[in-house]
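>>> Whatever this is, show me its structure:
(chains A and B)
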Number of protein chains: 2
Amino acid sequence: MVTFEIVNSQEKARAGILRTSHGEILTPVFAPVGTQASVKSLTPAQLEELNTQLILANTYHLSLRPGEDLIAEFGGLHKFMNWNRPILTDSGGFQIFSLASSRSISDNGVNFKSHINGSDQFLSPEKAVEIQEKLGADIIMALDECAPPYDFDYNHQAMNRTHIWAERCLKAKRQDSQIMFGIVQGGVFPDLRTKSAEYISSLDFFGNAIGGLSVGESKKEMYSSVKIVTDILPYEKPRYLMGVGTPKDIVTAVQLGVDMFDCVLPTRLARHNSAMLKYGRLNLVNASYSRDSRPIDESCLCYTCLNFSRAYLRHLINAKEMLSATLLSIHNIHTLLELVKDIRNAILKSQFDIFAEEFFSFSRKNLEL
Amino acid sequence: MVTFEIVNSQEKARAGILRTSHGEILTPVFAPVGTQASVKSLTPAQLEELNTQLILANTYHLSLRPGEDLIAEFGGLHKFMNWNRPILTDSGGFQIFSLASSRSISDNGVNFKSHINGSDQFLSPEKAVEIQEKLGADIIMALDECAPPYDFDYNHQAMNRTHIWAERCLKAKRQDSQIMFGIVQGGVFPDLRTKSAEYISSLDFFGNAIGGLSVGESKKEMYSSVKIVTDILPYEKPRYLMGVGTPKDIVTAVQLGVDMFDCVLPTRLARHNSAMLKYGRLNLVNASYSRDSRPIDESCLCYTCLNFSRAYLRHLINAKEMLSATLLSIHNIHTLLELVKDIRNAILKSQFDIFAEEFFSFSRKNLEL
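Predicted coordinates for the structure are as follows:
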């Protein structure tokens, strides 16, 4: 049976254990993203070596290619991609609203065209659950509608639809081995966020997610939206802030009571030659690194930092060697996984207030590295 | 001290040990190519897990970018790229004749323009040695001139120049920790190959290489050229067939007395979606693999074959995921490393005649898979 237990909490921050059939997830947790059943440029062995606890895969992409039926034939996503630890799949909603074209939406569901080949596609709450059951992730998401953050009418309508769809997703769910999260919407509007958090909280989801953030709104609006929602969500259920992934956002959201995060940032920045630090970034294309014999971060114990200089990484980037993406992805993911581990340890020792204070104090000093 | 010892031989085939300051190389050996100080898409850790004994790096590329002085500042190529096992660098000759533009060649050396930025460059025998000493590989190569295989006059002239340059390279060499190989040229012309093999054999190189093959001539011409040369080269010195890398070419060349090979084939084919088998190739783009749950090769014990299906690899290729290049490179390099290991074991047991007979018998049956 899947369970979530809060081991210790300090003010609103919590350290927990989410037990799934593919093993325990210690929270707060950060999940690297494997959109197409592959965390870009890394083998599952490298992800395990990084102590990755959870990865995210995208229902929209996998449903279009190679298709959920093919993955089901192979025994599900874990076996297909050779990842034996927990997987979370999103519902496909966010991608339909950001990638697909020719959308026509009704309470029934969404008609859209595939961004790959233009074929006609349809997704409904029931279909989103069915696809995710075939993919077989440990954690699945209810279908939601994502609206641009500043359009009140659109957000109001999308929130109401998200609520109707949430109930239909719960009714459609059949697999006890999978747990489902509902998603709170409402853009940057406090009234809508309040209403949505209350409504989603009232339903029988295993956990609750906060969607529609980190999509163009200000940091202040993002944090205040998270606060409104986490103040309402039930204490005992896990909380997941979708698509969020800078160190500062993670520390802030944990302060507000969030347990789970995912983001493409570490792998995407890696492919764009950027190394993430706890307090900033290095753009390794910069000529100042050409003879720099230091690792990205002298205090970092990742494979990349233990073995390679900034000068070598810059050479790989200049020479357009694929290895740069791999080595930077290893470092960037390690940075975020270490951060959430440190956060968890601080909460366990009831020292998260000190941790957060130090973090923001250094963060301000190190805005530009 | 660097030594080469032949442990057992059977007819012309030999199993040896080349001892270098970065460890032993058991021959016959296959060296994956790390042109720009990176074996494409693989970390050094992955190469070590494959039991890679030796890699090749390209003097021409590294001299242009990031430059031999920068690499020397970092303690040489081993430290720069974090590869602690043996490295061989070529002389740069082949690349000047295949990649650079505006070549003007004299006995003194070659003027050419960089293929990267068009800058004026000059390479002489002395300069080729100096660059390779700065790079610090265990095995370095004399500068040679490569001519198109069928032009007799050009080959005659290029061979003579290669001989003069060979002597100058030997004179220029200063580092006792490095060993140098001379290169036999002569295109597809038996008289030139004979003359060149005799001349290069007469010089005080640690080992001898056969250059200018696998560049467009027929297999028959390639094999007969190798035979002419290996019949002349001194028995006790290691022999290296440059740029050769299909399983059939390797088995044939070992029969003719060759000890060392390098080739871009396993990593290049991987980036073009092809899996190498002992007896053929699979093009994994093929739709017939879309639901194929078998590994590339059911008898293969590489990381890729132990963990991933053809269907998953095909999905990665279709989805343009970089991981496909990594997983196929692992498999392809493993295939060639296992082949040379099996060849060596057969020679050690004096059963290489049986091994080769079986290999060519299966090879004929499996031309198309």
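>>> What residues does chain A have near chain B?
Within chain A, the residues that sit near chain B (Cβ under 8 Å from any Cβ of the partner chain) are A:36-38, A:40-46, A:61, A:65-66, A:70, A:73-74, A:80-82, A:290-291, A:293, A:303, A:307-309, A:311-312, A:315-316, A:318-319, A:321-323, A:325-327. To be clear about C-beta, it is placed using only N, CA and C from the backbone, and glycine gets the same treatment.
>>> CA atoms of stretch A:237-250 as CSV?
Coordinates of each C-alpha in stretch A:237-250 appear next as CSV, following Å, rounded to 0.1, in the frame of the first residue of the first chain:
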residue,chain,number,x,y,z
LYS,A,237,-1.3,14.8,2.2
PRO,A,238,1.9,15.4,0.0
ARG,A,239,2.1,18.7,-1.9
TYR,A,240,3.7,19.0,-5.3
LEU,A,241,4.6,22.3,-7.0
MET,A,242,4.7,21.5,-10.7
GLY,A,243,7.5,22.6,-13.0
VAL,A,244,9.5,24.5,-10.3
GLY,A,245,13.2,24.1,-10.0
THR,A,246,15.5,27.0,-9.2
PRO,A,247,17.3,26.6,-5.8
LYS,A,248,15.6,29.8,-4.5
ASP,A,249,12.2,28.7,-5.6
ILE,A,250,12.6,25.3,-4.0
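>>> Just the ones of the residues of chain A next to chain B in helices?
Counting by DSSP state H, the residues of chain A next to chain B place A:44-46, A:61, A:70, A:73, A:80-81, A:303, A:307, A:311-312, A:315-316, A:318, A:323, A:325-327 in helices.
>>> quick one, helices of the stretch 151-300 of chain A?
A:152-172, A:190-201, A:219-230, A:247-255, A:265-271 (DSSP state H, counting those that start in this stretch).
>>> could you flag which of the residues of chain A next to chain B are buried?
Among the residues of chain A next to chain B, the ones that count as buried by 16 or more other Cβ atoms under 10 Å in any protein chain shown are A:36-38, A:40-44, A:46, A:61, A:66, A:70, A:74, A:80-82, A:290, A:303, A:307-309, A:311-312, A:315-316, A:318-319, A:321-323, A:325-327.
>>> In the stretch 251-369 of chain A, where is pLDDT below threshold?
A:366-369 (pLDDT under 70).
>>> ok, 50 please
Within the stretch 251-369 of chain A, the stretches with pLDDT under 50 are A:368-369.
>>> How many residues are close by the closest residue to A:M276 other than its chain neighbours?
Nearest non-adjacent residue to A:M276, counting by Cβ to Cβ, 6 or more residues apart in numbering or on different chains: A:N332, 4.4 Å away. Residues near A:N332, counting by other Cβ atoms under 10 Å in any protein chain shown, number 26.
>>> Check the secondary structure at A:N332 for me.
Per DSSP: H, G, I helix; E, B strand; the rest coil, the local secondary structure of A:N332 is helix.
>>> ok, back up a step: take the helices of the stretch 151-300 of chain A and lay them out in TSV including mean neighbour count.
Listed next are these as TSV, based on neighbours: other Cβ atoms under 10 Å in any protein chain shown:
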stretch	mean neighbour count
helix A:152-172	19
helix A:190-201	20
helix A:219-230	20
helix A:247-255	22
helix A:265-271	22
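>>> Take the ones you listed and write them to a markdown table, including distance to B:E5.
Shown next, in a markdown table, are the helices of the stretch 151-300 of chain A (distance: least, Cβ to Cβ, whole Å):
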| stretch | distance to B:E5 |
| --- | --- |
| helix A:152-172 | 70 |
| helix A:190-201 | 73 |
| helix A:219-230 | 67 |
| helix A:247-255 | 55 |
| helix A:265-271 | 45 |
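>>> For A:V285, give me its contacts.
Taking Cβ atoms under 8 Å, 6 or more residues apart in numbering or on different chains as the criterion, A:V285 is in contact with A:273, A:314, A:317-318.
>>> Now rank those by neighbours and give me the top one.
Most crowded among those, counting by other Cβ under 10 Å, is A:R314 at 24 neighbours.
>>> isn't that residue right next to A:R291, touching?
No - with contact defined as Cβ atoms under 8 Å, A:R314 does not reach A:R291; the gap is 9.2 Å.
>>> Tell me how far the residue nearest the centre of chain A lies from chain B.
In chain A, the residue lying closest to the centroid (Cα atoms, centre = their mean) is A:D262, at 1.5 Å. Distance of A:D262 to chain B, computed by Cβ to the nearest Cβ, to the nearest Å: 18 Å.
>>> Mind telling me which residue of the stretch 101-250 of chain A is nearest chain B?
Residue nearest to chain B within the stretch 101-250 of chain A (Cβ to the nearest Cβ): A:I116, separated by 9.1 Å.
>>> Report the contact partners of A:D262.
A:D262 neighbours (Cβ under 8 Å, 6+ apart): A:30-33, A:56, A:88, A:240, A:242-245.
>>> Kindly state the beta-bridge partners for it.
A:A31 (DSSP bridges).
>>> Kindly report the domain assignment for chain A.
Chain A breaks down by automatic domain parsing into domains covering A:29-262, A:264-356.
>>> tally of neighbours for A:V340?
By the other Cβ under 10 Å criterion, the neighbourhood of A:V340 contains 23 residues.
>>> meant to ask about A:S274, not that
Neighbour number of A:S274 under other Cβ under 10 Å is 18.
>>> doesn't A:Y289 make contact with it?
No - judged on Cβ under 8 Å, A:S274 makes no contact with A:Y289 at a distance of 12.0 Å.
>>> overlap in contacts of those two?
Joint contacts of A:S274 and A:Y289 (Cβ under 8 Å, 6+ apart) are A:L282.
>>> got the contact list for the closest residue to A:N318 other than its chain neighbours?
Excluding the flanking residues, the one nearest A:N318 by Cβ to Cβ, 6+ apart is B:R65, at 6.3 Å. Counting by Cβ under 8 Å, 6+ apart, B:R65 touches A:315, A:318-319, B:36, B:116.
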